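Q: quick one, structure for this:
(chains A and B)
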Amino acid sequence: MAIPIIYNLRSVKARWTSAIVAVVGIAGTVGVFVAMLSLAHGFRATLVASGSPDNALILRAGATSEMTSGVGLDSVKIIQDAPGIARGPNGPLVTAEAVLMAPIPLRSTGTDANVEVRGVSPNVLEIRKQVKIVQGRMFTPGLAEVVVGKNANTTYSGLTLGNTISLGTMNWKVVGVFDAGGSSFDSEVWADPHLLTGAYNRPDTFFQSVTAHLASPDALKQLKDALTTDPRLNVDVMREIDYYAKQSTNMTTLITTLGGFVAFIMAIGAVFGALNTMYSAVADRGKEIATMRALGFGGPSVVFSFLVEALLISFAGGLLGCLAVLRLNGVTTSTINFQTFSNLAFAFKITASLLVEGVIFALVMGVLGGFFPAVRAARLPVATALREL
Amino acid sequence: MVRVDGNGGSQSLIRVRGLNKTYSRGGEKIQVLQGLNLDVDKGDFVAFMGPSGSGKTTLLNLLGGLDVPSAGSITVAGDEITHMSGSKLTQWRARHVGFIFQMYNLIPVLTAYQNVELPLLLTKLSGSERRKHVETALAVVGLADRMHHYPRQLSGGQEQRVTIARAIVSDPTFLLCDEPTGDLDRKSADEIMALIEELVAKYGKTVLMVTHDPVVAARAHTTLHLEKGVLVEGKASSRQSVLAGGAA
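A: I've put the predicted structure just below:
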């Protein structure tokens, strides 16, 4: 049987001032690690939530985002008649959308940020079912009215219900606020596409994308085959959720890489903190270790015991780090979406699996910080150490 | 029967032949033990005396399997320990040796009960069996009512009693005592020696003890002196002669 864990627990308690150095170091590192991952997770979740598996997104062939795409009105009409698209009482559930960037000052700093302004069809709420009007009402087609996402409402100046804002050459009244379920649409402003393109002196027969609600999720192939084989069209068809997942890749990779680098550098410091704590534990307890060895506990038992002690310390650090960072869950921040160059609000999203990853990261640091001191403990010359004062 | 002439029979519990131990210090070789012989039978109580640096503790470490000799052999209950690997020696110590140290060497964060239980964690005994053994050992040393005390809550004498309980709890082949009363006042030392005598007389334990104190050594059946790396009898080889010398 191994050296009892109660020995390690009580030893850590007795030497808590030394242990706390390692605990705080590991907690800080785990905090940064989990925060960075939750940021990447939140960003990805926001974009992925924007897409629906029931919708198909149609872009110009070869376009990597809406900003580099263009679909003419004649193409839109062909798309509306394509098979596989769901139909409502007022015709096919298709929204042809014009996307523009408008500078609107941030509430926090007063500086302009690029806000995505989207001209959408009046039936858009039937296509994007996760979007609900939570204040006011939907804009009326043909009138200079806008509805704003809930993040746009709280992030930018002037996007409050009843206010009038200037977009392009026109003034627009904010008539509603919508909740898009935490997706990127929450950071957008929606208006009538024809008026919007007019206000920016752009042709009202040209759109950036077309989103179609599928008759069933399986109808994508049918639609895709029909549109991509039609010689009149030059389009790519994809599931909307896949488009947004791909959109999130660059930013999540950037956040994860940068966050991973910062966490790695911090982890080196934390491992040295743990090493220091454990080496001093071994140095202070040479006589106890030698006594255990004399009583018949083998070298592997001693290594295991000190590794367990390092793991206990790192586990405490991991838990503390996770608890500290848990407060960030749901906190909203924003960044530039490099695919569209628009400002995108998203929240730290801390999940149970991220917390588990954080604790595992802490335990890895504990093993690295505890292994060499544990080996030193097992190699102490027993006869000499027994007579230490 | 204790012999130091190397002519003891093969039935001796502890049989040491031609034991050498040499240390290197600063390029200089220091020979501490030089062809030491010893035979100890079951139930013997032997005291080792000698000036500082004479090799008493070295001998004890070698007998306890905590150190390895430069030459010679040590056989305990038929097992020659001098050629055992480190891990075998560790297992052998757990089964055959009970250590009693001058500074007690109790684990400060464990209670008396948990300290005494430590050697039993290396056996296959169940939890309830271990409890029975620990309670018995603590009762033998008169500390049944202090089993949940931590070492810091005990007097020096009581701490040494816990050490003795820890040494006997697994019923080892022999006990090694390194200055067991060296850190105690005379009254506590007397009590500890009375307890060790009881272990020998009542429970038939074999005890090998290092001490500087002739009064303590006089309580042993035999006192051996380490001189020039070998054990010699004579100067105070029996309890009676030491007692007589002490009275003079």
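
Q: what about residue 135, neighbour count?
A: Answering for chain A, as no chain was given. Using other CB atoms under 10 Å in any protein chain shown, A:Gln135 is surrounded by 17 other residues. To be clear about C-beta, it is placed using only N, CA and C from the backbone, and glycine gets the same treatment.

Q: I was after chain B.
A: Applying other CB under 10 Å, I find that B:Glu135 has 16 neighbouring residues.

Q: quick one: contacts for A:Met170?
A: A:Ala144, A:Leu195, A:Gly198, A:Ala199 (CB atoms under 8 Å, 6 or more residues apart in numbering or on different chains).

Q: I misspoke; the intended subject was A:Gly181.
A: Counting by CB under 8 Å, 6+ apart, A:Gly181 makes contact with A:Ala49, A:Gln130, A:Val131.

Q: contact partners for the residue lying closest to the last one once chain neighbours are set aside?
A: Leaving aside its sequence neighbours, A:Val131 sits nearest to A:Ala180 (CB to CB, 6 or more residues apart in numbering or on different chains; 4.7 Å). For A:Ala180, the residues meeting the contact criterion (CB under 8 Å, 6+ apart) are A:Ala49, A:Ser50, A:Arg128, A:Gln130, A:Val131, A:Gly149, A:Lys150, A:Asp186, A:Glu188.

Q: pretty sure the fifth one sits against A:Val177.
A: No - with contact defined as CB atoms under 8 Å, A:Val131 does not count as touching A:Val177 (11.1 Å).

Q: who has more neighbours out of the two?
A: Neighbour totals were compared for A:Val131 and A:Val177, and A:Val131 leads with 23 against 20 (other CB under 10 Å).

Q: state which helix of the chain is the longest.
A: You didn't pick a chain, so chain A it is. helix A:240-284 (DSSP state H).

Q: sorry, should have said chain B
A: Longest helix of chain B, by residue count under DSSP H: helix B:186-203.

Q: ok, residues contacting it?
A: Here helix B:186-203 makes contact (CB under 8 Å, 6+ apart) with B:43, B:45, B:100, B:140-142, B:155-157, B:160-161, B:164, B:168, B:175, B:177, B:180-181, B:184, B:205-207, B:209, B:213, B:216, B:219, B:221.

Q: cutoff 6 Å now
A: The contact list for helix B:186-203, computed with CB atoms under 6 Å, 6 or more residues apart in numbering or on different chains, reads B:Phe45, B:Gly157, B:Gln160, B:Pro180, B:Thr181, B:Lys205, B:Val207, B:Val216, B:Arg219.

Q: in helices only, show me these.
A: Going by DSSP H, the helices hold B:Gly157, B:Gln160, B:Val216 from the contacts of helix B:186-203.

Q: phi first, then psi, for the residue of chain B positioned farthest from its centre.
A: Distance from the C-alpha centroid of chain B, by CA atoms, centre = their mean, peaks at B:Gly27 (31.9 Å). With angles defined as degrees, to the nearest 10, B:Gly27 sits at phi 80, psi -10.

Q: which bits of chain A sit near chain B?
A: Residues of chain A that fall close to chain B, judged by CB under 6 Å from any CB of the partner chain: A:Met1, A:Arg10, A:Ser11, A:Ala14, A:Glu288, A:Thr291, A:Ala294, A:Leu295, A:Gly296, A:Gly298, A:Val382, A:Ala383.

Q: circling back: go through the longest helix of chain B and flag the buried ones.
A: Within helix B:186-203, the residues that count as buried by 16 or more other CB atoms under 10 Å in any protein chain shown are B:Ser188, B:Ala189, B:Asp190, B:Glu191, B:Ile192, B:Met193, B:Leu195, B:Ile196, B:Glu197, B:Leu199, B:Val200.

Q: mind putting the residues you listed into JSON lines with pLDDT?
A: Converted to JSON lines, the buried residues of helix B:186-203 look like this (pLDDT from 0 to 100):
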{"residue": "B:Ser188", "pLDDT": "92"}
{"residue": "B:Ala189", "pLDDT": "93"}
{"residue": "B:Asp190", "pLDDT": "93"}
{"residue": "B:Glu191", "pLDDT": "93"}
{"residue": "B:Ile192", "pLDDT": "94"}
{"residue": "B:Met193", "pLDDT": "95"}
{"residue": "B:Leu195", "pLDDT": "94"}
{"residue": "B:Ile196", "pLDDT": "95"}
{"residue": "B:Glu197", "pLDDT": "95"}
{"residue": "B:Leu199", "pLDDT": "93"}
{"residue": "B:Val200", "pLDDT": "94"}
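
Q: so which bits of the one helix or strand B:Thr223 maps to are buried?
A: Following DSSP states H and E, one finds B:Thr223 within strand B:222-227. By neighbour count on 16+ other CB under 10 Å, the buried set for strand B:222-227 is B:Thr222, B:Thr223, B:Leu224, B:His225, B:Leu226.

Q: stretch A:174-193 now?
A: Residues A:174-193 are the ones in stretch A:174-193 that count as buried (16+ other CB under 10 Å).

Q: could you tell me which of these belong to helices?
A: A:Pro193.

Q: and of the buried residues of strand B:222-227, the nearest to A:Gly168?
A: Among the buried residues of strand B:222-227, B:Leu226 lies closest to A:Gly168 (CB to CB), at 104.5 Å.

Q: if I pick the closest one, what's in contact with it?
A: By CB under 6 Å, 6+ apart, the contact set of B:Leu226 is B:Gly50, B:Ser54, B:Gly55, B:Lys56.

Q: change it to 7 Å
A: Contacts of B:Leu226 were listed using CB atoms under 7 Å, 6 or more residues apart in numbering or on different chains, and they are B:Phe48, B:Gly50, B:Ser54, B:Gly55, B:Lys56, B:Leu59.

Q: now rank these by neighbours and give me the top one.
A: The most neighbours of any of the contacts of B:Leu226, using other CB under 10 Å, belong to B:Leu59, which has 29 neighbours.

Q: isn't that residue up against B:Val32?
A: No - the pair B:Leu59 and B:Val32 fails to qualify as a contact (CB atoms under 7 Å) at a distance of 8.5 Å.

Q: and the longest helix of chain A, average pLDDT?
A: In this model, helix A:240-284 has a mean pLDDT of 87.

Q: tell me the angle the helix or strand that that helix is followed by makes with helix A:240-284.
A: Proceeding N to C from helix A:240-284, the next assigned helix or strand is helix A:286-295, under DSSP H and E. Angle of helix A:286-295 versus helix A:240-284, following axes from the mean of the first three to the mean of the last three CA atoms, to 10 degrees, is 90 degrees.
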